[in-house]
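Student: Build me a model from this:
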Amino acid sequence: MHTIQMSLWVIGLLVALALLFDFMNGFHDAANSIATVVSTGVLKPHHAVAMAAMCNVIAIFIFHLKVAATVGTGTVDVNIVDHYVIFGALVGAIAWNAITWYYGIPSSSSHALIGGLVGAAVAKAGTGALVGNGLLKTVAFIVISPLLGLILGSLMMVIVGWTFFRTPPSRVDRWFRRLQLASASMYSLGHGGNDAQKTIGIIWMLLIASGHVAAGGEPPIWVIVSCYVAIGMGTLFGGWRIVRTMGQKITKLKPVGGFCAETGGAITLFFASALGVPVSTTHTITGAIVGVGSAQKMSAVRWGVAGNIVWAWVLTIPASAFMSAIAWWVGRHIL
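Tutor: Numbers count the residues shown, from 1 in each chain. The predicted structure is shown next:
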């Protein structure tokens, strides 16, 4: 592994750009953490956002850096990584995030970043620069994570339905309003634990390429802390355009449905993080919400809205890859 000469200002600029992406990730994905708890009326939006942001940061103490390792060393060949590749990846991902946020489309920040890395790496060194195993895991979970969320969300709904069959609806509603606080917190922990690590992986890759961290070394503590704080701050300033789509447009949720969706989503995120797979929190919670809606009756899900969201998922990696390839070319001329 050869190190690449980079001036400190370029490294500083790229770290700042990575933290901006991390902030935007929290901002863009805040809706995923809080849409259900807000749309069921359990928490006011500002209270929900504060709780989600706090849980995003607390996740630093719970998760190992397996996702960061997949992004940092298991997506593209670290030997071809330089400041142009990192610049292209981040600008491509940020541009796609900004477009989907503006139009209120709950696309995946994670896959925008993976697409960005792929586009910039291929622009520089061709498809031989890609690491098949890590990318295969990530692409497989585009299908697996919403499917798992859907199965777990609907399963939870069926179990709860059978368990509380004879309980008066008002009492069930009262209990699950409280339980939803716990399920929303767990989901936010999973969100912070999986998503903050993607940015840790990018900065880690940059520091390895510049020789500031040994190839087999760990990312510095300041990188870990700053990434978790950045995503927490992003969540704190959350993206309200997407809350409505996630919370109300796919299916109408009650506290019991919100609890089942968040619990199903949280289990999926914890599972993926344990495997070191960078998954989309957007895909996961959407799958879980659809699962909850379809467990009640198929017509409870607005399949047209869900279909539009799926199109955004399919387009995210190629669109961000295309943007990042252009950004890589621009970076070659300005950095």
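
Student: Please make it C-alpha for all contacts and neighbour counts, starting now.
Tutor: Fine.

Student: Pull up the distance across stretch 57-71, start to finish.
Tutor: End-to-end distance of stretch 57-71 (CA to CA, to the nearest Å): 20 Å.

Student: Can you give the contact residues for it?
Tutor: Here stretch 57-71 makes contact (CA atoms under 8 Å, 6 or more residues apart in numbering) with 114, 134, 189-190, 192-194, 197-202, 224-225, 228-229, 231-232, 273-278.

Student: so how far is it off the chain centroid?
Tutor: 13 Å (CA atoms, centre = their mean, to the nearest Å).

Student: Same question for stretch 74-90.
Tutor: 20 Å.

Student: what is the mean pLDDT for that stretch?
Tutor: Averaged over stretch 74-90, pLDDT sits at 92.

Student: now stretch 266-286
Tutor: Per-residue scores along stretch 266-286 average to 91.

Student: Which positions in that stretch come out as buried?
Tutor: Along stretch 266-286, these residues count as buried under the neighbour rule (16 or more other CA atoms under 10 Å): 266-270, 272-273, 276-286.

Student: likewise stretch 45-62?
Tutor: Here stretch 45-62 shows 45, 48-60 as buried, counting by 16+ other CA under 10 Å.

Student: coming back round to it: just the ones in helices from the contacts of stretch 57-71, please.
Tutor: Using DSSP state H, the members of the contacts of stretch 57-71 that fall in helices are 114, 134, 189-190, 192-194, 197-202, 224-225, 228-229, 231-232, 273-275.

Student: Count the residues that sit near Gly88.
Tutor: By the measure other CA atoms under 10 Å, the count of residues near Gly88 is 31.

Student: surely it meets Trp328?
Tutor: Yes - using CA atoms under 8 Å, Gly88 is in contact with Trp328, at 4.0 Å.

Student: what do these two both touch?
Tutor: Ala120.

Student: Could I get the full set of helices for this protein?
Tutor: 8-39, 45-58, 66-73, 83-102, 109-125, 132-163, 169-209, 221-236, 240-244, 255-275, 281-296, 303-334.

Student: Surely Ser188 touches Ala48?
Tutor: No - between Ser188 and Ala48 there is no contact under CA under 8 Å: 10.3 Å.

Student: just for this structure, where's the confidence low?
Tutor: 1-5, 31-33, 106, 239-252, 296-309 (pLDDT under 70).

Student: what's the most far-flung residue of it relative to its centre sitting at in phi/psi?
Tutor: The C-alpha centroid of the chain is most remote from Arg166, which lies 38.4 Å away (CA atoms, centre = their mean). Here is the backbone geometry of Arg166 (degrees, to the nearest 10): phi -100, psi 0.

Student: Same check on Val277?
Tutor: phi -100, psi 120.

Student: wait, it sits on Lys137?
Tutor: Yes - contact status for Val277 versus Lys137: in contact at 6.6 Å, counting by CA under 8 Å.

Student: list the contacts for Gly41?
Tutor: So Gly41 contacts Pro255 (CA under 8 Å, 6+ apart).

Student: ok now do Cys260, which residues does it touch?
Tutor: Gly153, Ser154, Met156, Met157, Ala288, Val292 are the contacts of Cys260 under CA under 8 Å, 6+ apart.

Student: Of those residues, just say which sits nearest to Thr75.
Tutor: Nearest to Thr75 among the contacts of Cys260: Ala288, at 27.2 Å, using CA to CA.

Student: And for the closest one, the neighbour number?
Tutor: Ala288, neighbours per other CA under 10 Å, totals 33.

Student: ok, now how distant is it from Cys260?
Tutor: 8 Å.

Student: shared neighbours, those two?
Tutor: Joint contacts of Ala288 and Cys260 (CA under 8 Å, 6+ apart) are Gly153, Ser154.

Student: How many residues are close by the spatially closest residue to Thr100 that is not a sequence neighbour?
Tutor: Once flanking residues are discounted, Thr100 sits nearest to Ser107: 6.5 Å by CA to CA, 6 or more residues apart in numbering. Summarising burial for Ser107: neighbours were counted as other CA under 10 Å, giving 28.
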